[in-house]
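S.K.: generate a structure from the sequence data that follows.
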Amino acid sequence: MTENELRQSDMDGESVQGVVNVRELREVLSSYELFYDLPDPALEAIAGAAERVFVRAGQRILEAGVPAYAAFIVEYGRLRIVSKHSRQTFTLEEGRGELIGMISLLSQEPFDGEAFTL
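M.R.: Model (predicted):
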């Protein structure tokens, strides 16, 4: 699912973007270990640039071979990441607090698998 499809999929009932103020998102982010030691101004800047997206089960949020358009932190639910190398397929499930897609987003290198919501 592309960024545009993810943003528009709420019209089809597949996902819903939450309207969240910066203070609420800052509180959510500060509960994750990755952000524990960030000073308040940095956390506020990240919260101001972030958005909360709710995605129904079975939706692809990152596509193999395509650079990530966003990084995702799992707040609720789980993701399945499927990566194929040579003739082997690797499957990994991630849950609350996991950060997905950051390396691909920052490097603009293709994501190494597909990530689906469960």
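
S.K.: dig out what the residue sitting nearest the centre point of the chain forms beta bridges with.
M.R.: In the chain, the residue lying closest to the centroid (Cα atoms, centre = their mean) is F72, at 1.6 Å. For F72, the residues forming beta bridges with it (DSSP bridges) are I100.

S.K.: give me phi/psi at the residue nearest to F111 when sequence neighbours are not counted?
M.R.: The spatial neighbour of F111 that comes closest, neighbours along the chain excluded (Cβ to Cβ, 6 or more residues apart in numbering), is S104 at 4.4 Å. Bear in mind the C-beta positions are built from the backbone N, C-alpha and C, glycine included. Here is the backbone geometry of S104 (degrees, to the nearest 10): phi -60, psi -40.

S.K.: repeat for I46
M.R.: Backbone geometry at I46, expressed as degrees, to the nearest 10, gives phi -60, psi -40.

S.K.: kindly report the same for the one 4 residues further on.
M.R.: Its backbone dihedrals place A50 at phi -90, psi 160, with angles given as degrees, to the nearest 10.

S.K.: can you get me a residue count around the closest residue to it other than its chain neighbours?
M.R.: The shortest distance from A50 to any non-neighbouring residue, by Cβ to Cβ, 6+ apart, is to L25 (5.7 Å). Residues lying near L25 (other Cβ atoms under 10 Å) number 20.

S.K.: need the pLDDT of the closest residue to G95 other than its chain neighbours.
M.R.: Closest residue to G95 apart from its sequence neighbours, by Cβ to Cβ, 6+ apart: R78 at 4.8 Å. Reading off the per-residue confidence, R78 sits at a pLDDT of 92.
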